[in-house]
Every structure is written in structure tokens, then in C-alpha cells.
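Student: Task: produce atomic coordinates for the following.
(one chain, ligands or ions: 2)
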Amino acid sequence: MEKEYKTELLKVDRNNFDPACLLPAAGLLAAGELVAFPTETVYGLGGNAMDPGASQRIYAAKGRPSDNPLIVHISEKEELLKVGRDVPEIALRFAERFWPGPLTLIVKRAEIIPKTTTGGLDTVAVRLPSDEIARALIRLSGVYVAAPSANKSGRPSTTRAEHCMEDLDGRIPMVIDGGPVKIGLESTIVDCTNETTEDGVKKIKPLVLRPGYITLEKLREIEPATEYDPAVIARVKNENIKAKAPGMKYRHYAPKGAFVIYEGDADRVIARINEEVGRMKALGRKTAVLATEESKDFYDADIVVSLGRRNNEEEIAARLFDVLRSFDEMGAEAIFGECFETKGVGQAIMNRLMKAAGYNIVSCNDITGKK
Ligand code: AMP
Ligand code: MG
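Tutor: Residues are numbered from 1 along each chain as shown. Ligands and ions are numbered 1, 2, ... in the order given. Predicted coordinates:
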């Protein structure tokens, strides 16, 4: 039977806090219990990564399939060598450049991390967050902290403590409220175990399994051979592309209403979405559009929400999950969204949108290529 908790909300002012206020939370982690806490990317649902029981509790609280591995959070760079084994030089270079920060590195798993935490894999995903509350909590707990996003499996990730309460109230003993997160999209994941042979020499070719705030362009400044995994850039859900990150194969971030995204020239997208909105309204459905500052005034839907200005990808990223959740609150039944360019952080935004829409993408440009 599931254990019922009276979930405590611990408010922490990130600009002025005494780490000692985190001791009750750290104590819960040390005792094998779960705590939701802020990071710079999204809120995490933490548990002791070395304790198989704690990992099982994470899977149960989220309703997450247990073959979907958890990211292990550390508080010092050197700990990468404790949770990983035969860590390649390239992983150390990435860590040196981007840690603490929104980058997760996949390396071979050390014995200290049980397979329950890694979804049965012999590799482990590791991250050193830059968020001061997260780092202080991990340090004080005295354990490495396995932490997936603090949402119910399948729902948009949580970027505020209120969202964690929505999904996890009664299922875990504590949520730390550190205010809204900075980035709003999950970390970039780079697989540093992918070996290739060039001219008879073995070499690691890093693969981006999940795009994020640390872009491919930035990673290539450290290692020019870095590539996207084919599943990341695929525009269709292709069952033939084997998912390297098991999480890639599950439905994600989905709002409750039917969600379709439209790509093409702005005027064509607006016209096409308005056509669909009209059709859905005639059927009595509550319609919503995920728009931008530039387009929001042109839509006829019941609910129109702007993600921000098109050229401000960071603002769009930070608001995306909030807005997807707000559609559920407002009871949106048919949701239409615009697409974004796949450069820089835009790749991460499109990756989350495509998953949220279950790869339902409609092209609005003329197939002859005419404008
Ligand atoms: P979340 O914790 O919800 O941000 O999701 C974690 C993501 O990291 C999932 O998509 C996992 O599949 C991926 N991941 C974690 N560990 C590994 C690993 N050892 N190999 C490949 N992907 C991993
Ligand atoms: Mg997640």
C-alpha cells in the first residue's frame, strides 16, 4: 500500500539563507526519504542514489517506469570519479567547462551506484547543479542524490514548488520552495561512453541525448566531434531509432488536451491554426493557442498565451512548462502551438514541444515550396 504523507513545504529565500535551514531536508535524504528541491533547470525529486529503496520510492512517487534511469546529483566536481568508473578525459573537460551547471554527463557506472538507480544500466548520468540550495542540500545530506524532475511521470516538468505540490502532495514528506527556477528546461544530456574507431584509433564521440540550455554549439567548443543522437533531431516518432536514453521512448510533458504544433511561415501558421480553432469551437471544444508576443493578437481561440518574444529563447524556455500546465488548469481541450527555429536553445524548446505534442506536427507551407 502507498504511504501517505503530510507534505511539508519548506520556504527558503535563495538570496539570503543559512544552509542550516536545510538540515531537516538533508536528514530525510540521509534516512532514505524523498525531498523535492529547486535546481537551476527544473525542480528535482531527490533520494539517496546509493540506496535502492530510495530509488524505488522515487519511481513509485512519480509513477515512473523503473527502466527509466535517474540522474545522480553531486556537490563537487571530483565526485564524478566516485560515482563513475574509467571516466574518459572528454567527460572531465566538459565538467571543467560547464560544471556547476545544466549539463548531465553519462559515464560508466561505479559499483557504489546500484542498478536500481540507473534503470538497470551499466552507465550512470551525473550532474553538478549550480543552484546554491541544491548544492547545499546535497552536501549536507552526505549522500549522492538521485533526482529526476519532480513531476508525475508524463506531465510537464515542474518549475515552481506549487507544481511539485500539485503532482506530489501526500506522496513525499517535503518540498523545498526556492521560488521559480532560472532555466525552466531540463539539463542537456551528453553520452560520453559512445566509442568509435577512426583510422584504427579508438575515440569517444560525445552524443547529445537531450538538448538543453548548454547547446551543441557550446559543447563543440570543447569537442568539435560532438553530435546529436539521431533520435533528438527526428521529426517523427521513429520506432526504428533505438532510444539510447530510455527516457526518450516515453510520452512526456503532455498537457491533458489534444495538442498539435504547426510549422511554416508565420502568416500561414496563424491562418491554419485559426481555421482549426474555428472547427473545434463549432464542436463545442475549449480551444487554446501557444503563441508568441508577435502573434498573440491574431488568434481567435478561447485562450491565447504568449510564451514571450520569438528572439528571446531563454524567456520562452523558462515559461514553456508553466504554460503547458496552465492549459490543464484552464481546461483547454484542443491546443495549437507554433514551432521554433532549431538553433541554439531553440533545439531544446522544439524537442520538448514535439514530445508534448506526441510528434503531431503539421507543415503549413505549400508542398511546392511556393510562398
Ligand atoms: P529526468 O530525470 O526526468 O530529467 O530524466 C532523466 C533522463 O536522463 C531520462 O531521459 C533518462 O533516460 C536519462 N538518463 C539517465 N541515466 C542515463 C543513462 N545511464 N544512460 C542514458 N540515459 C540516461
Ligand atoms: Mg523528467
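Student: what sits up against stretch 23-31?
Tutor: Contacts of stretch 23-31 with the rest of the structure, by CB atoms under 8 Å, 6 or more residues apart in numbering, involve 10, 34-35, 37, 46-48, 54, 137, 140-143, 145, 173-174, 176. For every residue, glycine as well, the C-beta is placed using N, CA and C.
Student: out of the residues you listed, which are buried?
Tutor: Buried positions within those, assessed by neighbour count (16 or more other CB atoms under 10 Å), are 10, 34-35, 37, 46-48, 54, 137, 140-141, 143, 145, 173-174, 176.
Student: Run through the residues that contact residue 207.
Tutor: Residue 207 sits next to 190, 191, 194, 226, 227, 228, 229, 244 when contact means CB under 8 Å, 6+ apart.
Student: what's the spacing between it and ligand 1?
Tutor: Applying CB to the nearest ligand atom, to the nearest Å, the value for residue 207 to ligand 1 is 10 Å.
Student: Could I get the pLDDT score of that residue?
Tutor: Reading off the per-residue confidence, residue 207 sits at a pLDDT of 98.
Student: Residues in a beta bridge with it, which ones?
Tutor: residue 191, residue 227 (DSSP bridges).
Student: so of the contacts of stretch 23-31, which ones are in helices?
Tutor: Counting by DSSP state H, the part of these found in helices is 54, 137, 140, 141.
Student: Please, where are all the helices along the stretch 151-300 of the chain?
Tutor: With DSSP state H, counting those that start in this stretch as the criterion, the stretch 151-300 of the chain has helices at 161-168, 216-222, 230-233, 266-282.
Student: just so I know, which of those lies nearest ligand 1?
Tutor: Each of the helices of the stretch 151-300 of the chain has some distance to ligand 1 by CB to the nearest ligand atom; the shortest is helix 230-233, at 10.8 Å.
Student: before we move on, back to that, closest one of the buried ones among the contacts of stretch 23-31 to ligand 1?
Tutor: Distance ranking of the buried ones among the contacts of stretch 23-31 against ligand 1, using CB to the nearest ligand atom, places residue 46 first at 10.8 Å.
Student: which residues sit in contact with the closest one?
Tutor: Counting by CB under 8 Å, 6+ apart, residue 46 has contacts 29, 34, 35, 36, 37, 73, 137, 138, 145, 146, 147.
Student: How about the last one: what's its closest non-neighbour residue?
Tutor: Yep, that's residue 147 we're talking about. With CB to CB, 6 or more residues apart in numbering as the measure, residue 44 is the residue that lies nearest to residue 147, at 3.3 Å, once sequence neighbours are left out.
Student: What of the second one?
Tutor: With CB to CB, 6+ apart as the criterion, residue 34 has its nearest non-adjacent residue at 4.4 Å, and that residue is residue 172.
Student: ok, that neighbour touching residue 8?
Tutor: No - applying CB atoms under 8 Å, one finds residue 172 not in contact with residue 8, separated by 9.5 Å.
Student: more neighbours, the two?
Tutor: Between residue 172 and residue 8, residue 172 has the larger neighbour count (other CB atoms under 10 Å), namely 27 against 14.
Student: Bridged to residue 9, which residues?
Tutor: With DSSP bridges applied, the residues forming beta bridges to residue 9 are residue 175.
Student: right, and it touches residue 175 too?
Tutor: Yes - contact between residue 9 and residue 175 holds when scored by CB under 8 Å: they sit 5.4 Å apart.
Student: which residues do the two both contact?
Tutor: Between them, residue 9 and residue 175 share the neighbouring residues 161, 165, with contact defined by CB under 8 Å, 6+ apart.
Student: Pick out whichever of these two has more residues nearby.
Tutor: Applying other CB under 10 Å to residue 9 and residue 175 shows that residue 175 carries more neighbours, namely 29 against 14.
Student: end-to-end on stretch 319-339?
Tutor: 15 Å (CA to CA, to the nearest Å).
Student: per-residue confidence averaged over it?
Tutor: Here stretch 319-339 scores 96 as its mean pLDDT.
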